[in-house]
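Undergrad: Sequence first, then the predicted structure:
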Amino acid sequence: MRVKALSSVVAFAVAAFVGLQPAAAQYPDKAVTVIVPFPPGGASDVTARTVAPELAKKLGQQVVIDNKGGANGAIGAAALKQAKPDGYTLMIGSIGVYSINPALFKDLRYDPLKDFDLLSVIVRTPNVLVANPDFPANTVAELLDYLKKNPDKVSFASSGTGSSDHLTAALFLQKTGMSGVHVPYKGGGPAINDLISGHANVSFQNLGAIAQQVRAGKLKALAVTSATRAPALPDVPTLAEAGVKDLEVYSWQAAAAPKGLPPAVKAKLEADITAATKAPEVKEQFEKIGFDVVATTGAQFDAFLTGEIARWKQVIETGKITAE
């Protein structure tokens, strides 16, 4: 009798296990949504839309982009946290969403290390220190001299408080002991337009966003924040070459999902996202707009993010930067 009861329990467990297999094996069996926590047109949106067609091929399903902008990406990231961890809702967001917001916002509704399954850092790009063509300084040394002689008179335009370009400028001023005036805009586009028109003096902008304007003479580039010179602007020195050491900064874009993905689903998404990113035609598209393909694993992303959060927390605390 006991043997029969035990056999019944085992049979039930096996049946339940087998019943779960088709669902996992069939993933995905419908469209996958990718939240972009910013309006259309920005770096996160460009990254998502560049990867999406190839990712759709890998998954065998449509990939739908859902722009949920606001609060430096915090609204879209909070929506990801609330989504079901089944692999059908992902997010592609920026350095700000993952590593800056945790230090910038005291009431942040998500914790990137606790609430997300990190999938891959997709691409990165250095920032470029650019200035209006009529601004007196033509080199980093000349800019530092001008800042020294004109404290709190040089305007540093940014795409918003807590953005990568804002904190890169803050770090630059902290490293050099100088001061300037932060002028936040609602996005990189308006900031760049005011730089070109002369309403702002200088800015650290993503390489992909300003390379064309630099080549056209609408902006002048003083330095790049990468470890080596950028192929897109080979004549522009690095900050280290210009005399400002230990200021290597990249603005990056990465993919994540709600915490708790089934292991098989997480492994598939990780593999398909990195494969899609490395596809020759996708890599070529990214390089044309000034992005370097990174395509890390989830584990590499996790280790990297821990360091990035600590780094930008220190910059924010030192600069006494608060969300506006």
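TA: Yep, that arrived.

Undergrad: got the contact list for the residue most central in space within the chain?
TA: When C-alpha atoms, centre = their mean is applied to the chain, the residue found nearest the centroid is Ser94 (2.0 Å). Residues near Ser94 by C-beta atoms under 8 Å, 6 or more residues apart in numbering: 38, 43-44, 73, 164, 251-254. C-beta here means a position set from N, CA and C on the backbone, and glycine is covered the same way.

Undergrad: Same question for Ala211.
TA: 128, 232-233, 290.

Undergrad: Wasn't Ile121 part of a strand?
TA: Residue 121: Val, not Ile. Yes: inclusion of Val121 in a strand is indicated when DSSP: H, G, I helix; E, B strand; the rest coil is applied.

Undergrad: Could I get the pLDDT score of it?
TA: On pLDDT, Val121 comes in at 98.

Undergrad: Quick check: beta-bridge partners of it?
TA: Val121 forms beta bridges with Ala254, as assigned by DSSP bridges.

Undergrad: And for Asn127?
TA: Note on Asn127: beta-bridge partners by DSSP bridges are Asn206.

Undergrad: residue contacts, it?
TA: With C-beta under 8 Å, 6+ apart, Asn127 has these contacts: 164-165, 168, 204-207, 224-225, 249-251.

Undergrad: What of Arg109?
TA: Per C-beta under 8 Å, 6+ apart, neighbours of Arg109: 74, 78, 81.

Undergrad: Sort those by pLDDT and name the bottom one.
TA: Ala74 (92).

Undergrad: And for that one, the neighbour number?
TA: 23 (other C-beta atoms under 10 Å).

Undergrad: my guess is it meets Asp107, correct?
TA: No: assessed by C-beta atoms under 8 Å, Ala74 is found out of contact with Asp107, at 9.5 Å.

Undergrad: how's the protein carved up into domains?
TA: 30-124+252-319, 126-224 (automatic domain parsing).

Undergrad: now the contacts of Arg109 as TSV including secondary structure?
TA: Below are the contacts of Arg109 laid out as TSV (three-state DSSP):
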residue	secondary structure
Ala74	helix
Ala78	helix
Lys81	helix
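
Undergrad: Out of these, which is nearest to Ser159?
TA: Ala74 (15.2 Å; C-beta to C-beta).
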